[in-house]
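Novice: fold the following.
(chains A, B, C and D)
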There are 2 protein chains.
Amino acid sequence: MDRQRTDKNEETAAQGRPTLKTLAFMTGLGVTTVSRALKDAPEIGAETRRRVQLVAKQIGYRPNRAGVRLRTGRTNVISLVLNTDREIMSFVSDIIYGVSEVLAETPYHLIVTPYSRSQDPMEPIRYLVETGSADGVIISRTQPNDPRARYMLEHGMPFATHGRTDMGLVHPYHDFDNHVFAMEAVRRLASMGRRKLALLSPPPGLTYYGHTLNGFADALSEVGASEIPFNAVSIDHSIEQIRSRTAQVMRRENRPDGFVSSAAAATLAIVAGIEDAGLKLGRDVDVVSKQSSDLLHLFRRELLVVNENFRLAGSDLARSVLGWIGGAAPGSLQRLVAASDVQAFSQPVLV
Amino acid sequence: MDRQRTDKNEETAAQGRPTLKTLAFMTGLGVTTVSRALKDAPEIGAETRRRVQLVAKQIGYRPNRAGVRLRTGRTNVISLVLNTDREIMSFVSDIIYGVSEVLAETPYHLIVTPYSRSQDPMEPIRYLVETGSADGVIISRTQPNDPRARYMLEHGMPFATHGRTDMGLVHPYHDFDNHVFAMEAVRRLASMGRRKLALLSPPPGLTYYGHTLNGFADALSEVGASEIPFNAVSIDHSIEQIRSRTAQVMRRENRPDGFVSSAAAATLAIVAGIEDAGLKLGRDVDVVSKQSSDLLHLFRRELLVVNENFRLAGSDLARSVLGWIGGAAPGSLQRLVAASDVQAFSQPVLV
DNA sequence: TTGGCAATCTGTAACGTTTCAGTGTATTGA
DNA sequence: TCAATACACTGAAACGTTACAGATTGCCAA
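Specialist: Below you'll find the predicted structure:
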């Protein structure tokens, strides 16, 4: 009996990666005690606890994720659900960086769960919930009535949304105040004497489409400017579509003298369209655009910009999900980021 | 005995997610048989196999990842290792999309493993290998003598690199032919009468830095043009640094009349610098740039571009790692993508 | 008839972890 | 002195899967 036990432990100790059994053998304790000692359980003697933790650190013990997951059901995984064709480029990497930054200090891994044109957006969510592949989920392209959020709430899956919902259900979110953005943009254009404004909106259906539209409309009436309809396209459309539609609109009699654009890439297309029509940015028309990296001023110095920080969004979303998992009230994990002021180009300090 | 068994199975069947035990109970077979039947093992009767697979599909059975992982050591995970501050923006999302696209059709999940300024690039690699957190790894920012590749090769971890190494070791890679890119760029500039060329290179240290430099030099001597040194900056530098360095160089007596740029964002800075110096793109100087999305022509129509497809890189890298895991020879999983021709702006068809 | 063999199927153990239900020993209160 | 109790620790079982080593059956050759 004693011999067999010794054999078994030596066998274990000889293996590559240390496990609880290895630690138990080295400390002369039972596996249970070691497990408890590592998580600071109260019924373990202070000295034993220290000893175990010391040995664990020395030999570089790391709990086996599969073992923990099988036993507890906890995956230590946060899933970021992404639309792989619609999402605007640099946006995604920033969010991923932000999320990673937060998860790096935790035992959590980030898994990217994609879905594409053909698929129901619910599919990856159902997969995650049904298979229990993650402890928490981050979604974007949030809708006012978002079936994904409702589903996860019903199934007890912690999540955070990039953008708000409007279903009377409470859950963590991170959102940029697009209402204020649109208002400030309009006010700025108005202050420059622009009176006929067009909006290149977010994709209809998403929550911030409404916020943007309302802000735009509110400010229009505030400053007494009027809207030139431009709603056949949104920032989800292709560069070429936006460009040609802009050119079309700019060739009309009653053309806009100001644009508000919800995305930087789309702004490039708007400007191209303006110039296709033979008009000049800054003289015939001004454009206020959101951007997530500071590049638009290089493009045309006449552009007016408002910065939206997606890296911040990512880290915020990650913290929110972790908070919910950790037992915080979902209602306390909501954040609406104020839109910064509209910025014009200022000559950089040359070295 | 019989009663106990029945109880146990009924208990199981009542649970949320179906397991092999559930299937065993429903089919009246043993757990082992069910497991074998699902993976088309030869010693299972044809009818039994069909029956088990039918029931499994009906009740939506999905193998528990933790169970499989614990038992077999296989994680069904591919890890994409990313530098979270240096990587150029849109580049990353494209790669992720490409990888996802391939993994979506497999049982593999994609986990993003970040590392940042402060860290040793080896750290995430060691973590992955030591903890066995992934079955395969994708790395970028590859160096001629890359310790990460060597380490993974030594430890039997399948991987693929974005960019080649030059250590005499064979492993899968995906690379864009930057030698040809640089040559074609120089040739194009030469054909336009440009004779004094500057190169905004990739970061020194990375393998494709050398490829680019060599291609640039080779073509210079071929066409009899000369180089204006511009090697105090690389595409890893900040937009502002590149911009001011460019302006500096352009104000010199012996200024370049042509640029070759290895990245689109950097090209924006180069053009800004050129204009800061009071010169005009297309008249005083021409610029050939790589780009990964078709936006540079919107920026300045005089720009000449070569497209590099990072989404393709991603899917290629994913396929390579899977191939290696699946037993293919690593030497057969290498791909060098030819650089496409230099493209000038052509008026788009307006709708 | 019998031994052998192929064709199917099955129970048990193990992967590493945590939880449950203890076990043994010293300390306390009366 | 004895029971009660706090303290420190422990083995066994379970999570879901696969591999190993059988078990049962029918069939065929000798």
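Novice: touching, residue A:44 and residue A:32? I think so.
Specialist: No: using CB atoms under 8 Å, residue A:44 is not in contact with residue A:32, being 9.9 Å away. Where you see a C-beta, it was placed from the backbone N, CA and C, and this is true even at glycine.
Novice: looking at the two, which is more packed in?
Specialist: Neighbours were counted for residue A:44 and for residue A:32 using other CB atoms under 10 Å in any protein chain shown; residue A:44 has more, 20 against 12.
Novice: who's in contact with that one?
Specialist: A:33, A:36, A:37, A:52 (CB atoms under 8 Å, 6 or more residues apart in numbering or on different chains).
Novice: list the contacts of the second one.
Specialist: When you say that, I think you mean residue A:36. By CB under 8 Å, 6+ apart, the contact list for residue A:36 reads A:43, A:44.
Novice: got a pLDDT number for it?
Specialist: Residue A:36 carries a pLDDT score of 95 in this model.
Novice: how about the first one?
Specialist: Among the per-residue scores, residue A:33 shows a pLDDT of 95.
Novice: and it, how many neighbours?
Specialist: With other CB under 10 Å as criterion, residue A:33 counts 21.
Novice: before we move on, what about the last one?
Specialist: The number of residues packed around residue A:52, counting by other CB under 10 Å, is 24.
Novice: may I ask you to confirm that it is in contact with residue A:22?
Specialist: No: between residue A:52 and residue A:22 there is no contact under CB under 8 Å: 11.7 Å.
Novice: ok, which pair from the contacts of residue A:44 is furthest apart?
Specialist: Using CB to CB, the contacts of residue A:44 span at most 8.8 Å, a distance reached by A:36 and A:52.
Novice: what sits against residue A:269?
Specialist: Going by CB under 8 Å, 6+ apart, residue A:269 touches A:239, A:240, A:242, A:243, A:246, B:298.
Novice: look up the closest residue to the third one, ignoring the ones flanking it.
Specialist: Pointing back at residue A:242 there. Spatial nearest neighbour of residue A:242, excluding adjacent residues (CB to CB, 6 or more residues apart in numbering or on different chains): residue A:269 at 3.8 Å.
Novice: on the pLDDT front, check the one you found for me.
Specialist: Here the pLDDT value assigned to residue A:269 is 95.
Novice: ok, the residue in the stretch 151-300 of chain A positioned nearest to DNA strand C - how many residues close by?
Specialist: Residue nearest to DNA strand C within the stretch 151-300 of chain A: residue A:156 (17.7 Å; CB to the nearest atom of the strand). A count of nearby residues for residue A:156, using other CB under 10 Å, gives 7.
Novice: residue A:107 too?
Specialist: When neighbours are counted by other CB under 10 Å, residue A:107 registers 12.
Novice: what about it, which SS state?
Specialist: coil (DSSP: H, G, I helix; E, B strand; the rest coil).
Novice: what residues are up against the closest residue to it other than its chain neighbours?
Specialist: Counting by CB to CB, 6+ apart, residue A:107 lies nearest to residue A:76, which is 4.9 Å off, once chain neighbours are set aside. Neighbour list for residue A:76: A:65, A:68, A:69, A:107, A:108, A:109, A:135 [criterion: CB under 8 Å, 6+ apart].
Novice: will you turn those into CSV that also has pLDDT?
Specialist: Output for the contacts of residue A:76, formatted as CSV (pLDDT from 0 to 100):
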residue, pLDDT
A:65, 98
A:68, 98
A:69, 98
A:107, 97
A:108, 98
A:109, 98
A:135, 98
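Novice: write the ChimeraX selection for whichever of the residues you listed are buried.
Specialist: Entered in ChimeraX, the line below selects the buried ones among the contacts of residue A:76, by 16 or more other CB atoms under 10 Å in any protein chain shown:
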select /A:65,68,69,108,109,135
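Novice: what ranges do the helices span in chain A?
Specialist: A:2-14, A:20-27, A:31-38, A:46-59, A:65-72, A:89-103, A:122-131, A:147-154, A:178-191, A:207-223, A:239-250, A:264-276, A:296-299, A:310-325 (DSSP state H).
Novice: so for stretch A:113-120, what gets flagged as buried?
Specialist: By neighbour count on 16+ other CB under 10 Å, the buried set for stretch A:113-120 is A:113, A:114, A:115.
Novice: how many neighbours does residue A:79 have?
Specialist: Count around residue A:79 with other CB under 10 Å applied: 27.
Novice: contact partners for it?
Specialist: Shown in contact with residue A:79 (CB under 8 Å, 6+ apart): A:110, A:111, A:112, A:113, A:128, A:133, A:134, A:136, A:137, A:138.
Novice: ok, 10 Å please
Specialist: By CB atoms under 10 Å, 6 or more residues apart in numbering or on different chains, the contact list for residue A:79 reads A:109-113, A:124-125, A:127-128, A:133-139, A:157, A:159, A:321, B:109, B:111.
Novice: just the buried ones among those residues, please.
Specialist: Buried subset of the contacts of residue A:79 (neighbour count, 16+ other CB under 10 Å): A:109-113, A:124-125, A:127-128, A:133-139, A:157, A:159, A:321, B:109, B:111.
Novice: phi, psi for residue A:135 please.
Specialist: phi -90, psi -20 (degrees, to the nearest 10).
Novice: that one touches residue A:74, doesn't it?
Specialist: Yes: counting by CB atoms under 10 Å, residue A:74 is a contact partner of residue A:135 at 6.0 Å.
Novice: how about stretch A:266-279: buried residues?
Specialist: If you call a residue buried by 16+ other CB under 10 Å, then stretch A:266-279 has these buried ones: A:266-277, A:279.
Novice: how about the residues of the stretch 251-351 of chain A that lie near DNA strand C?
Specialist: The stretch 251-351 of chain A has no residues near DNA strand C, with proximity defined as CB under 7 Å from any atom of the strand.
Novice: same question for chain A.
Specialist: Going by CB under 7 Å from any atom of the strand, the residues of chain A near DNA strand C are A:12, A:15, A:17, A:19-21, A:31-32, A:35-36, A:38-39, A:61, A:63-64, A:66-68, A:70-72.
Novice: filter those down to the buried ones, ChimeraX style.
Specialist: Buried members of the residues of chain A next to DNA strand C, defined by 16+ other CB under 10 Å, are picked up in ChimeraX with:
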select /A:19,20,21,35,36,38,61,63,64,66,68,70
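Novice: quick one: residue A:218 and residue A:184 touch, right?
Specialist: No: checked against CB under 10 Å, the pair residue A:218 and residue A:184 is beyond contact range at 11.2 Å.
Novice: the two: which has the busier surroundings?
Specialist: residue A:184 (21 against 14).
Novice: show the contacting residues for the more buried one.
Specialist: Counting by CB under 10 Å, 6+ apart, residue A:184 has contacts A:177, A:215, A:219, A:260, A:288, A:304, A:306, A:339, A:340, A:341, A:342.
Novice: all good on my end, thank you.
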